[in-house]
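Student: I need the structure of the sequence given here:
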Amino acid sequence: VQLQASGGGLVQSGGSLRLSCAASGIISDYDAIAWFRQAPGKEREGVSCISSYDGSTYYDDSVKGRFTISRDNAKDTVYLQMNSLKPEDTAVYYCATRYYYCSGNTDDYRSWGQGTQLTVSS
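Tutor: You can find the predicted model right below:
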């Protein structure tokens, strides 16, 4: 499976944006798709994840209540709806996939998208 992240851009604080992660192959019922982000000078961190295998979703505490992850299996696409954006959300956002369960460990993911830049101005 190859992934392509898109939808990033420049948005004002408090605004909204939706990221998309499109898979070239089929997202199976055994896949978990995660969003990570990396700000300049910082390590890549997990933001959200959704697993078709066990139906679970995960959100980092910093985005709970503001971000929503969803998937459209018919379109082989996972979305990240981001509301009430803050300047600290500024980062390059990556999507990644692994089998079965969500994980916060980047080494557990077998395929990554190229990243999309989100910039939130204050």
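Student: number of nearby residues for the closest residue to residue 80 other than its chain neighbours?
Tutor: Nearest non-adjacent residue to residue 80, counting by C-beta to C-beta, 6 or more residues apart in numbering: residue 19, 4.3 Å away. Placement of C-beta: from N, CA and C, glycine included. Using other C-beta atoms under 10 Å, the number of residues around residue 19 comes to 26.
Student: Can you list the buried residues in the host helix or strand of residue 19?
Tutor: Using DSSP states H and E, residue 19 sits in strand 17-23. Within strand 17-23, the residues scored as buried using 16 or more other C-beta atoms under 10 Å are 17, 19-23.
Student: Among those, which one sits closest to residue 30?
Tutor: Checking these against residue 30 by C-beta to C-beta gives residue 23 as the nearest, at 13.1 Å.
Student: give me every residue that touches that closest one.
Tutor: 1-3, 33, 76-78, 97 (C-beta atoms under 8 Å, 6 or more residues apart in numbering).
Student: now with 6 Å?
Tutor: 1, 3, 76 (C-beta atoms under 6 Å, 6 or more residues apart in numbering).
Student: next one: residue 95
Tutor: So residue 95 contacts 3, 5, 21, 35, 113 (C-beta under 6 Å, 6+ apart).
Student: In terms of helices and strands, where is it?
Tutor: Going by DSSP H and E, residue 95 is part of strand 91-99.
Student: so what strands line up beside that strand?
Tutor: Sheet pairing for strand 91-99, assigned by DSSP bridges, gives strand 31-38 (antiparallel), strand 111-112 (antiparallel), strand 116-121 (antiparallel).
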